[in-house]
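> The following comprises the amino acid sequence and a computationally predicted model.
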Amino acid sequence: MTWATVAKKDFRDAVQSRALWALVGVFVVLSVLSTYAYVEAPALLGAATEATFGGLIFFTIGLVGLFVPLSAIVVCYKSLAGERELGSIKLLLSLPTTRGQVFVGKVVGRATVLAFGLGVGLVVGLGVGAALIGDLEAGALVVFVLTTLSFVAVYATIVVGLSATTGSTSRATTLALGFFVVFELLWDAIPMGILYVLEGFSIPSTMPDWLYPLLQLSPSAAYFSAVVALLPNLADAANAESAQSGAGAQTAADAADPFYTNPEIGIAILLLWLLVALAIGYYRFDASDL
Amino acid sequence: MAAIELEGLTKRFGDVVAVDGLDLTVEEGEIFGFLGPNGAGKSTTIDILLDFIRPTGGTATVLGYDAQSDGLAVRNRIGVLPDAYHVYDRLTGRQHVEFAIEMKGVDEDPDALLERVRVADAADRKAGGYSKGMRQRLILAMALVGDPELLVLDEPSTGLDPNGAREMREIIRAENDRGTTVFFSSHIMEQVEAVCDRVAIIDDGHLVAVDTIDGLRDATEVGETLYVYVSALDDSVLERVRTLEGVGTAAIDDGRLRVTVDGVSKFAVLHAIDEITAVQDFSVVESSLEDLFVRYTNDRPEIES
């Protein structure tokens, strides 16, 4: 299985990247700061609700939902396009391996690098939070961290998959940023826009059922739903806070009622992204002249 | 079984034909030179052998396996020094060789291989800091991992100084002595001449010659060229020289008479010229394969295309 060797080499190589460590540093600082803000803010504002560990987890989703896509782009956009542009892919592919093995090896290698960096940041941030709150729900923590690492793996696959479709790093950058802008920044607006047009240029008072899964196509929205689906008790308890927590939570909150009726769709959509990215990336990479 | 067999191999990039109906057989055990000017289609052909690119038409078979459908079987049996490659800047020389060893699933000592190509003292340095020549040696070490049946070397002397190029040739010969077939490309005749059993010359995507070095010499009637300084030189003199027995071609070149000599002694020709116009001085140039190469790749009659 040469993909494992490729993944190991890729990890060795990418883990020495300064950009990665700068990213991990920023994430650790942000994660600690936001945790501190979450824990201390209610007391400062004299709010009635106490900070809970479950609340902290849902508060952290917003940060992760923004940070994972950006760091996946930084760590992965050059993974295959860069090797093709430079020519190191020729060294790799003249060894006894196949393009499929190289592609999978790259996905695994980059996902591991990313999971390693973000895992460190997450554990430090939540660790500080747990110490401040004086509470730690080990089960929830494990589920949350594993879900987040899966989200990281899906995003790494998406960006490596995009990188596999081209031999030019500038084109890979455009594709990755384009994906981010469309599916992370604008995705709330696009299905709403479609709805607006379909309803004869007006927003109906009740949202149709198909709007909800469409909104979930944004990977970070799907991630949020997945966490809700896997930690339903905490989600209910944290519901009040999630409205204030901004960014990541917002997309899901827009979906209003249906969101809470079937959050499992988030898991399915993450899985769908994984398969689509693998299929498109492999197909394009395997068919191309290097 | 042939080491490499190309049948009607064609590759188009858009409306550019890089390789056009190439037929070529490389036998097992030989050192085969693949010669042509830059852009002739050498690297395209090699890239097809390695399945980096897919042919538009024809087939490429390596050690009995189809290069496209059985690429893995091909790469399991060959060692490659590709063209226009790039090393992993952040990995050390030893890590590169270890990677190749692991990928090929063999058990070899990376240091012995690095020693063989003489970069052992830089084994722990990151390859990003290597000179072009050191990188070339490093990649050669990776190619030698697993004792391949066939070495495919694309422009192996690029970036090497004369000493390095000689060491490269020694390694090629040593590998060949162990039974390895060597297929290497070059745009420099001299390197090919020094080691190859047989040579193919490719130009503009077409094969223009396949032969042994001696065969090439014989086939192209390039013997020796005389440069003669004479007291009077004009077209009438030239015409008369052309009719002399044993003169292949004659031309005025930079104020001198350039005469190729076939079949008779140089002295006889000089003597005959002296009777037409007084010979003041002369020099003899033995045509090298370099001239031959230039002739094959530049002097092809325009009508042909």
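Looks like it arrived, so ask away.

> Around residue 21, how many other residues sit close by?
Assuming you mean chain A. For A:Trp21, the neighbour count with other CB atoms under 10 Å in any protein chain shown is 12. C-betas here are computed from N, CA, C, even on glycine.

> think we crossed wires, I meant chain B
Neighbour count for B:Gly21, taken as other CB under 10 Å: 15.

> Backbone dihedrals for it, both of them.
Here the main-chain torsion angles of B:Gly21 (degrees, to the nearest 10) amount to phi 60, psi 50.

> Roughly how far does the residue sitting furthest away from the middle of chain B sit from chain A?
Residue farthest from the centre of chain B, counting by CA atoms, centre = their mean, is B:Glu275 at 43.7 Å. For B:Glu275, the distance to chain A equals 62 Å [CB to the nearest CB, to the nearest Å].

> Assumed that residue was part of a helix.
Yes. In this structure, B:Glu275 lies within a helix as judged by DSSP: H, G, I helix; E, B strand; the rest coil.

> Please enumerate residues in contact with stretch B:6-16?
Defining contact as CB atoms under 8 Å, 6 or more residues apart in numbering or on different chains, one finds that stretch B:6-16 is touched by A:289, B:17-25, B:41, B:44-45, B:48, B:53, B:55-61.

> Report the rounded mean pLDDT for it.
Averaged across stretch B:6-16, pLDDT comes to 92.

> Poorly predicted segments of the stretch 151-300 of chain B, please.
Low-confidence segments of the stretch 151-300 of chain B, defined by pLDDT under 70: B:218-223, B:263, B:286-291, B:295, B:298-300.

> before we move on, back to that, which of the contacts of stretch B:6-16 are buried?
Those of the contacts of stretch B:6-16 that meet the buried threshold are B:17-20, B:22, B:24, B:41, B:44-45, B:48, B:53, B:55, B:58, B:60-61, by 16 or more other CB atoms under 10 Å in any protein chain shown.

> any idea which helix or strand of chain A has the worst average confidence?
Least confident helix or strand, chain A: helix A:247-254 with a mean of 42, by mean pLDDT, DSSP states H and E.

> Can you list the helices and strands that the strand or helix carrying A:Leu270 packs against?
Element membership for A:Leu270 (DSSP states H and E) is helix A:265-287. Applying 3 or more CB pairs under 8 Å, 6 or more residues apart in numbering or on different chains; DSSP states H and E, we find helix A:265-287 packed against helix A:99-133, helix A:138-163, helix A:211-215, helix A:219-230.

> let's see it at 7 Å
helix A:99-133, helix A:138-163, helix A:219-230 (3 or more CB pairs under 7 Å, 6 or more residues apart in numbering or on different chains; DSSP states H and E).

> list the buried ones in the second one?
It refers to helix A:138-163. Neighbour counts over helix A:138-163 (16+ other CB under 10 Å) mark A:140-141, A:143-145, A:147-163 as buried.

> tilt between that helix and helix A:265-287?
For helix A:138-163 against helix A:265-287, the angle by axes from the mean of the first three to the mean of the last three CA atoms, to 10 degrees is 30 degrees.

> Could you tell me how far the next helix or strand after helix A:138-163 lies from the centre of the chain?
Next helix or strand after helix A:138-163 toward the C-terminus (DSSP H and E): helix A:169-180. Distance of helix A:169-180 from the chain centroid (CA atoms, centre = their mean, to the nearest Å) equals 16 Å.

> ends of stretch B:120-129, how far apart?
Taking CA to CA, to the nearest Å, stretch B:120-129 runs 15 Å from one end to the other.

> which of the buried ones among the contacts of stretch B:6-16 lies closest to chain A?
Ranking the buried ones among the contacts of stretch B:6-16 by separation from chain A, with CB to the nearest CB as the measure, puts B:Ile53 on top at 3.9 Å.

> How much space separates the residue farthest from the centre of chain B from B:Thr225?
B:Glu275 is 21 Å from B:Thr225, where distance means CB to CB, to the nearest Å.

> now swap in B:Ala122 and tell me
Look at B:Ala122 and B:Thr225: by CB to CB, they are 46 Å apart.

> swap in B:Ser131?
Taken as CB to CB, the span from B:Ser131 to B:Thr225 is 39 Å.

> neighbour count winner among these two?
Using other CB under 10 Å, the more surrounded residue of B:Ser131 and B:Thr225 is B:Thr225, with 19 against 14.

> Next, that one: secondary structure please.
Going by three-state DSSP: B:Thr225 is strand.

> Likewise for B:Tyr229?
What three-state DSSP gives for B:Tyr229 is strand.

> So what pairs up with it in the strands?
Note on B:Tyr229: beta-bridge partners B:Asp281, judged by DSSP bridges.

> Who are the contact partners of it?
Each residue near B:Tyr229 by CB atoms under 7 Å, 6 or more residues apart in numbering or on different chains is listed here: B:Arg256, B:Gln280, B:Asp281, B:Phe282.

> try B:Val19
Counting by CB under 7 Å, 6+ apart, B:Val19 touches B:Leu9, B:Thr10, B:Lys11, B:Gly41, B:Thr44, B:Thr45, B:Gly205.
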